[in-house]
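J.: Below are the sequence and a predicted model; questions follow.
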2 protein chains.
Amino acid sequence: MKISTKGRYALRMMIDLALHDAGGFIPLKDISERQDITAKYLEQIITSLSKAGLVKSSRGNNGGYRLSRAPENITAGEILRITEGSLAPVACLDDEVNQCPRSETCLTLPFWKGLQNIIDAYVDGATLYDFIKNTPAADTGNFCI
Amino acid sequence: MKISTKGRYALRMMIDLALHDAGGFIPLKDISERQDITAKYLEQIITSLSKAGLVKSSRGNNGGYRLSRAPENITAGEILRITEGSLAPVACLDDEVNQCPRSETCLTLPFWKGLQNIIDAYVDGATLYDFIKNTPAADTGNFCI
DNA sequence: ACTATTCCTATCGGATTAGTATGATTAGAG
DNA sequence: CTCTAATCATACTAATCCGATAGGAATAGT
């Protein structure tokens, strides 16, 4: 029941992009140094965020990444679902493929469904702006996980 | 971010024990057949529940397991924490060993702490009785996951 | 003694995690 | 037009975790 490094690092990257947004593109190398995570690993993660449309990229010299929307319009839920796959606590809530034939009478399914609901509501209610709104411009990149 | 089979099976076992409680001990073989899970695997899981004091066991012929408390006094949270280890979504919330030196200023820690809080509140608010209270005695063992 | 049960410890294949490695492609600067 | 800094794409890998399986010892009722 743990969030993997992909989800955690993705959130840190997105917050980093929000904090250091100056209108232009931010190279991955800068994020890598501030967050102390290898650029190669961040590359994999931000690629999926880019394909999902959460960040825009620019190749070549002076290239990099930037948020494609304002921080108040990007939620932690979006970021985590893209990188973690799904936040459903059990597979049978994910899609019809994994549903079991006895789901109609399952005694535990409503419990898991309820858990999924509160998790979804929580992560979808947190925007990138919520993470950075109390942070002075000087205090950037304060992460621990 | 998935609950493992250990947590799911543990919950199913405990519900099974609650549903079939007739005062005596219920052999693991019966649970195994009703739930369609190998007895050998259930053995491992119920051992940890037994060591934690959630079930009482009796060895030898006519032995088995039974709940050590009434269903309304056993929560899903207890069961899941024993079998899953911890429901904290990130390791630095688990214990001091995993805490990072920058936890005071971490921008993501309050978010994860909040997620842990709602998960804890939800699972601790669900008792075994909640799972079985609407189940006719005839309809036993209806699980899908 | 026999049998049904829990208890204990070890093993194991496969999947997942958390990266690392290599190189191609792109685009601005000189 | 070349150099360089960057993204993009794909493959690989070591380590860990998951989901069991296996074999036998201990216990207790008949």
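T.: It's in.
J.: for chain A, what spans make up the strands?
T.: Under the criterion DSSP state E, strands of chain A are mapped to A:55-58, A:64-67.
J.: Just put the ones you listed in a markdown table and tack on mean pLDDT and mean neighbour count.
T.: C-beta: built from backbone N, CA, C; applies to glycine. As requested, the strands of chain A are exported to a markdown table (pLDDT from 0 to 100; neighbours: other C-beta atoms under 10 Å in any protein chain shown):
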| stretch | mean pLDDT | mean neighbour count |
| --- | --- | --- |
| strand A:55-58 | 97 | 16 |
| strand A:64-67 | 98 | 20 |
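J.: Any idea which of these gets closest to chain B?
T.: strand A:64-67 (15.7 Å; C-beta to the nearest C-beta).
J.: quick one: that closest one near chain B?
T.: No: shown here: strand A:64-67 not in contact with chain B (C-beta under 8 Å from any C-beta of the partner chain), separated by at least 15.7 Å.
J.: who wins for proximity to residue B:83 among the strands of chain A?
T.: strand A:55-58 (38.3 Å; C-beta to C-beta).
J.: near DNA strand D, anything from that closest one?
T.: Yes: using C-beta under 7 Å from any atom of the strand, we find that strand A:55-58 touches DNA strand D at A:57, A:58.
J.: Please report the distance of the most centrally placed residue in chain A from DNA strand D.
T.: Per C-alpha atoms, centre = their mean, the C-alpha nearest to the average position across chain A is that of residue A:79, at 2.4 Å. Remark: distance between residue A:79 and DNA strand D (C-beta to the nearest atom of the strand, to the nearest Å) = 16 Å.
J.: now residue A:120
T.: 22 Å.
J.: ok, now residue A:98?
T.: Distance, residue A:98 to DNA strand D, using C-beta to the nearest atom of the strand: 12 Å.
J.: With residue A:76 instead?
T.: Using C-beta to the nearest atom of the strand, residue A:76 is found at 22 Å from DNA strand D.
J.: Dump the strands of chain A to TSV, plus distance to residue B:95.
T.: TSV is the format used below for these (distance: least, C-beta to C-beta, whole Å):
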stretch	distance to residue B:95
strand A:55-58	34
strand A:64-67	35
